[in-house]
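> give me a model of this one.
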Amino acid sequence: MIAIVDYGLGNLGSVAKAFRQVGAPTVLTADRDALRSASALVLPGDGAFGAAMDELRQRSLVPVLLEAEAAGTPILGICVGMQLFFDASEEHGSHAGLGLLRGRVRRFGPGLPVPHMGWNQLRWRCPHAVRAEVADGAHVYFVHSYYAEAAPEDTVATSDYGVEFPAIVARRSVIGMQFHPEKSQAVGLKLVEAFVAIVNERRAGRLSARVVR
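Numbering: from 1, shown residues only. A predicted model of the protein is given here:
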């Protein structure tokens, strides 16, 4: 079972629907025991970084996420959920993140209208199982005013909005997507399906070296 972390933020219904469309069962829960027993976790996100971290702390979910990463459980972060993987964010002050990936989350520079909203291209930067059959230059749907400054070795795909920024990041079993795969139509569903395939490979003990770096 893939568990969608319910901490009160994110397009929870739309994310669950995307997984149903690719035939993957999910449960929407904030129950810590259920999250610990799941085959994989999905961390959606909307709104501000600091508020999202506060919700995770108030529900005592931060230790659950850290334990899952340490155990090698696949975790997919979406939009703000991806940003929470990083060390810190400068959104409305300075806020500590989960620290699962190195780097900070910064606002797009002056002169760029925010949020960056709409369709933009993916540019693949390194091999990874999450790519599946998605072509270089495929379009996905973004809504964000901040972006992560990720380590080059953790950057799987980028996009461009006045600055090249990470669109997909990954390290070990942690995968993040700055865009919304659940809103990205056929391309988004292919990426969701690829994540499900990664989960199934791990459960079967056949995790590819393309995932663990």
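
> got phi/psi on the residue in the chain sticking out farthest from the centre?
Distance to the chain centre peaks in the chain at Gly111, reaching 27.0 Å (criterion: C-alpha atoms, centre = their mean). Dihedral pair for Gly111: phi 90, psi -10, per degrees, to the nearest 10.

> one more: Asp136?
Dihedral angles (degrees, to the nearest 10) for Asp136: phi -60, psi 130.

> do you know the pLDDT at it?
Per-residue pLDDT puts Asp136 at 97.

> residue nearest the centroid of this protein?
Nearest to the chain centroid, counting by C-alpha atoms, centre = their mean: Gly77, 2.1 Å.

> chain center to the helix ranked longest in the chain, what's the gap?
As assigned by DSSP state H, the longest helix anywhere in the chain is helix 185-203. Offset of helix 185-203 from its chain centre (C-alpha atoms, centre = their mean, to the nearest Å): 13 Å.

> quick one: the strands in the protein, in order.
2-5, 26-29, 40-43, 75-78, 86-89, 95-96, 101-107, 116-121, 123-124, 139-144, 146-150, 155-160, 164-171, 174-177 (DSSP state E).

> got CSV for the ones you listed, with distance to Arg131 too?
Any C-beta I mention is one placed from the backbone N, CA and C, and that applies to glycine too. CSV is the format used below for the strands of the chain (distance: least, C-beta to C-beta, whole Å):
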stretch, distance to Arg131
strand 2-5, 20
strand 26-29, 22
strand 40-43, 18
strand 75-78, 14
strand 86-89, 22
strand 95-96, 31
strand 101-107, 18
strand 116-121, 14
strand 123-124, 6
strand 139-144, 12
strand 146-150, 17
strand 155-160, 7
strand 164-171, 8
strand 174-177, 11
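
> possible to save these as JSON lines with mean pLDDT and distance to Ser184?
Shown next, in JSON lines, are the strands of the chain (pLDDT from 0 to 100; distance: least, C-beta to C-beta, whole Å):
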{"stretch": "strand 2-5", "mean pLDDT": "97", "distance to Ser184": "17"}
{"stretch": "strand 26-29", "mean pLDDT": "96", "distance to Ser184": "18"}
{"stretch": "strand 40-43", "mean pLDDT": "98", "distance to Ser184": "15"}
{"stretch": "strand 75-78", "mean pLDDT": "98", "distance to Ser184": "11"}
{"stretch": "strand 86-89", "mean pLDDT": "98", "distance to Ser184": "22"}
{"stretch": "strand 95-96", "mean pLDDT": "98", "distance to Ser184": "27"}
{"stretch": "strand 101-107", "mean pLDDT": "97", "distance to Ser184": "21"}
{"stretch": "strand 116-121", "mean pLDDT": "98", "distance to Ser184": "8"}
{"stretch": "strand 123-124", "mean pLDDT": "98", "distance to Ser184": "15"}
{"stretch": "strand 139-144", "mean pLDDT": "98", "distance to Ser184": "4"}
{"stretch": "strand 146-150", "mean pLDDT": "98", "distance to Ser184": "17"}
{"stretch": "strand 155-160", "mean pLDDT": "98", "distance to Ser184": "12"}
{"stretch": "strand 164-171", "mean pLDDT": "98", "distance to Ser184": "11"}
{"stretch": "strand 174-177", "mean pLDDT": "98", "distance to Ser184": "9"}
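
> Met177 against Ser159, yeah?
No - applying C-beta atoms under 8 Å, one finds Met177 not in contact with Ser159, separated by 10.7 Å.
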